[in-house]
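**Student:** just the structure for this:
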Amino acid sequence: TGEPKGAVHCQSDIFYTNETYCREVLELREGDRLFSSSRLPFAYGLGNSFTFPLLNGLTTILCREKPAPETISRIFREYRPTIFFAVPVVYRMLLEHHRHGNALDTSSLRLCVSAGEALPAQLGEEWQNTFGVEVLDGIGSTEMLHMFMSNHQGDVRYGSSGKLLNGYEARLIDHEGAATAAGEAGNLWIRGDSAARGYWRRPETTAQTFVSGWVRTGDLYTQDAAGYWWHMGRSDDCFKPTGQWVSPVEVEGVLLRSENVRAAAVVEGFDEHRLSCVCAVVVKRNDGDAAGLIEDELRALCEKALPRFKQPRQYVFMSGLPYTATGKVQRFKLREQLRSHKVASFGVFA
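**Tutor:** Okay, the predicted model is just below:
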C-alpha cells in the first residue's frame, strides 16, 4: 500500500508458514496443482507459487502474463489447477467474465483462497453459488510472511477473516494503548515465529511496527464470541464522522449487495459545511444506468442495514477505483481527490 520497506526474514520463517497456514488450511494432497494470480515478488504469491509447492513436492503453475480473465480462464482450462489463489478484484472480474457468456471452467478446483483485501461476503457467496467452490478468505502480511488468520474448509464465514491459526497470538489494542473490551474494535497486534526481524536499515519504522515481540498490523478488527475475526478496515482508513467509528469494509459490504454495483469504496468526505461525513464512491455495473436511481436504491439499502451514523451522505460515481499492484483499493487517493474537489475528473485507474 506504500513504498516497500524491506522486511527482513530468516529461512526458518518459510518453514513456519508451511507448518501453520499450509498444513492447517490448505491441507495439500498428492496431485495438487497450485496457481496464484498474485505473483512471486509479493509475500502472498511467494508462499502460494513457490515455497508451499516446493516444500511439499507438488506442482506450481507460473504465468508471466497479466492476470486478465481471459488468461486465467485459459490456465484453468489447459493446466487444471486444484487450488487457486487471488485477490477480491480478480474474483469479481472472473465472475463478470463468466456472466458475459465466457464460461469459466472451474471443474478442476477443489479450493480457492483470497487475501490482500477483505473479501466482501456477497462476492464470496456469489462465487461459491456459481461454481460450487469455497473461497477461504484470510489475512496475512509481509511482516508475518503469509497468513495468520483464515477461514477453513467446511467452516467458512463469509465477510470474516476466519479464525486465528495455531502458532499465532493476537490482541486488540485501543488508540490509547490499552486492551479493548470483548466485542469492541481495536488495532490488531499479532505474534508468531514467522515475524520479520525488522525493516532493512529503517530503525525508526522498525521500532514503530515491531514492539516487544508483537507486530502492529495497522488493521482495525473485532472478534466475535465464536472466535471469528472481522476486518473493519485499515486503521488509517477508519474515521469518526459523529464521534463513532465507521468501518469502510462494513459499509462497502452493504453497497455491494446491489446488483447494479460493480465495485464500491467508502472514505471520509466533507459536507457543504466542511464537516466530516461518510462518502460512498461507486462503480456502476452498467455504464448506461442512471446514477440517481442507483443512489436511491443504495440509500434505501443502507437505511435498512446500517445505523444512521454509518449511512453514506454523499455518493460519487466513477468509472473505476484505484488499486495497488496487489489488488488493494487505494482509499487514500480517493480521499485526496475529494479534498481537492477533483472528483469530476476521475477516470479509470489501472
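**Student:** setting the sequence-adjacent residues aside, check what's closest to the residue positioned nearest the centre of the chain.
**Tutor:** Taking CA atoms, centre = their mean, the centroid of the chain lies closest to residue 117, which sits 1.2 Å from it. Excluding the flanking residues, the one nearest residue 117 by CB to CB, 6 or more residues apart in numbering is residue 328, at 4.8 Å. Backbone N, C-alpha and C define where each C-beta goes, glycine included.
**Student:** how about that neighbour, phi and psi?
**Tutor:** Residue 328 adopts backbone torsions of phi -90, psi 140, taken as degrees, to the nearest 10.
**Student:** next: residue 53.
**Tutor:** Dihedral angles for residue 53 - degrees, to the nearest 10 - are phi -70, psi -40.
**Student:** hmm, it is touching residue 31, no?
**Tutor:** No: contact criterion CB atoms under 8 Å: residue 53 and residue 31 do not qualify, at 12.0 Å.
**Student:** compare those two and say which is more crowded by neighbours.
**Tutor:** residue 53 (21 against 8; other CB atoms under 10 Å).
**Student:** which parts of this protein are helices?
**Tutor:** Ranges of helices in the chain, per DSSP state H, are 11-17, 43-46, 52-55, 69-79, 88-99, 121-131, 203-209, 248-255, 291-305, 331-339.
**Student:** the strands in the stretch 251-350 of the chain, which residues?
**Tutor:** All strands of the stretch 251-350 of the chain, identified by DSSP state E, counting those that start in this stretch, fall at 261-270, 276-284, 314-318.
**Student:** could you dump those strands into TSV and include mean neighbour count?
**Tutor:** Below are these laid out as TSV (neighbours: other CB atoms under 10 Å):
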stretch	mean neighbour count
strand 261-270	22
strand 276-284	22
strand 314-318	18
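**Student:** columns distance to residue 9 and mean pLDDT on top of the ones you listed, output as a markdown table?
**Tutor:** Below are the strands of the stretch 251-350 of the chain laid out as a markdown table (distance: least, CB to CB, whole Å; pLDDT from 0 to 100):
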| stretch | distance to residue 9 | mean pLDDT |
| --- | --- | --- |
| strand 261-270 | 31 | 92 |
| strand 276-284 | 36 | 94 |
| strand 314-318 | 38 | 94 |
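**Student:** so which of these gets nearest residue 48?
**Tutor:** strand 261-270 (23.9 Å; CB to CB).
**Student:** quick one: contacts of that closest one?
**Tutor:** 89, 92, 96, 237, 239, 241, 246, 248, 251-252, 255-256, 276-285, 294, 298, 312-314, 320-321, 329, 331, 334-335, 338-339 (CB atoms under 8 Å, 6 or more residues apart in numbering).
**Student:** got the CA coordinates for that strand in PDB?
**Tutor:** These are the backbone C-alpha positions of strand 261-270, laid out as PDB (Å, rounded to 0.1, in the frame of the first residue of the first chain):
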ATOM      1  CA  VAL A 261     -22.900  -2.000  -8.300                       C
ATOM      2  CA  ARG A 262     -19.700  -3.500  -9.700                       C
ATOM      3  CA  ALA A 263     -17.300  -2.000  -7.000                       C
ATOM      4  CA  ALA A 264     -17.500   0.400  -4.100                       C
ATOM      5  CA  ALA A 265     -15.200   2.200  -1.700                       C
ATOM      6  CA  VAL A 266     -16.100   4.200   1.400                       C
ATOM      7  CA  VAL A 267     -14.000   7.100   2.600                       C
ATOM      8  CA  GLU A 268     -14.300  10.100   4.800                       C
ATOM      9  CA  GLY A 269     -15.900  13.000   2.900                       C
ATOM     10  CA  PHE A 270     -17.000  16.500   3.900                       C
END
